[in-house]
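Enquirer: next one to model:
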Amino acid sequence: MEETKFKNIYEGEYMISELIKGDDGCYAHFDYDSVYQGGTNIILRIITYNPKNKTHFLLHKIEGNNTINALHKMYKQLYGMIGLNAK
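Expert: I've put the predicted structure just below:
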C-alpha cells in the first residue's frame, strides 16, 4: 500500500467509506470524541450499517493526535484488515 494522502476530513471519510462499502456493501458513520478539552487527541469510532439486514455495529476505534491523524491511522488499519486494493 502506498502512503495515503488526504488533506481534509471529507476526503479521508470518503476513502474509508469506499473501503468499507467495497468490502461488504455497508455504510460507515464516523463518530469523533475529544480526549482532552480543546480538541486534542481524538478518538475515532467507525460504526457500520448493513442495509440488507438492518444491523449496525462498531467496526473499529482508534485514537489520534487530531482528526486527520486519526483518519490516516484508521485508513491504514482498515486497509490491512479488509485487504482491499486501494485506489
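
Enquirer: what's the neighbour count on Lys61?
Expert: 14 (other Cβ atoms under 10 Å). All C-beta spots, glycine's among them, are computed from the backbone N, C-alpha and C.

Enquirer: any idea how far the residue lying closest to it once chain neighbours are set aside lies from Lys5?
Expert: With sequence-adjacent residues excluded and distances taken as Cβ to Cβ, 6 or more residues apart in numbering, Lys61 is closest to Arg45, at 4.7 Å. The gap separating Arg45 from Lys5 is 23 Å, by Cβ to Cβ, to the nearest Å.

Enquirer: what about those two, which has more around it?
Expert: Between Arg45 and Lys5, counted using other Cβ under 10 Å, the more crowded position is Arg45 (16 against 9).

Enquirer: what about the helices in the chain?
Expert: Counting by DSSP state H, the chain has helices at residues 9-24, 67-82.

Enquirer: now the angle from the last one to helix 9-24?
Expert: Helix 67-82 and helix 9-24 meet at an angle of 10 degrees, taking axes from the mean of the first three to the mean of the last three Cα atoms, to 10 degrees as the criterion.

Enquirer: restrict helix 67-82 to CA atoms and write it as PDB.
Expert: Coordinates of the C-alpha atoms in helix 67-82 are reproduced here as PDB (Å, rounded to 0.1, in the frame of the first residue of the first chain):
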ATOM      1  CA  THR A  67      -8.900  14.400  13.400                       C
ATOM      2  CA  ILE A  68      -6.700  14.000  10.200                       C
ATOM      3  CA  ASN A  69      -4.200  11.800  12.100                       C
ATOM      4  CA  ALA A  70      -7.000   9.600  13.400                       C
ATOM      5  CA  LEU A  71      -8.400   9.200   9.900                       C
ATOM      6  CA  HIS A  72      -5.000   8.300   8.500                       C
ATOM      7  CA  LYS A  73      -4.400   5.700  11.200                       C
ATOM      8  CA  MET A  74      -7.900   4.300  10.700                       C
ATOM      9  CA  TYR A  75      -7.500   4.000   6.900                       C
ATOM     10  CA  LYS A  76      -4.200   2.200   7.400                       C
ATOM     11  CA  GLN A  77      -5.700  -0.200   9.900                       C
ATOM     12  CA  LEU A  78      -8.800  -0.900   7.900                       C
ATOM     13  CA  TYR A  79      -6.800  -1.400   4.700                       C
ATOM     14  CA  GLY A  80      -4.800  -4.100   6.500                       C
ATOM     15  CA  MET A  81      -8.000  -5.700   8.000                       C
ATOM     16  CA  ILE A  82     -10.000  -5.700   4.800                       C
END
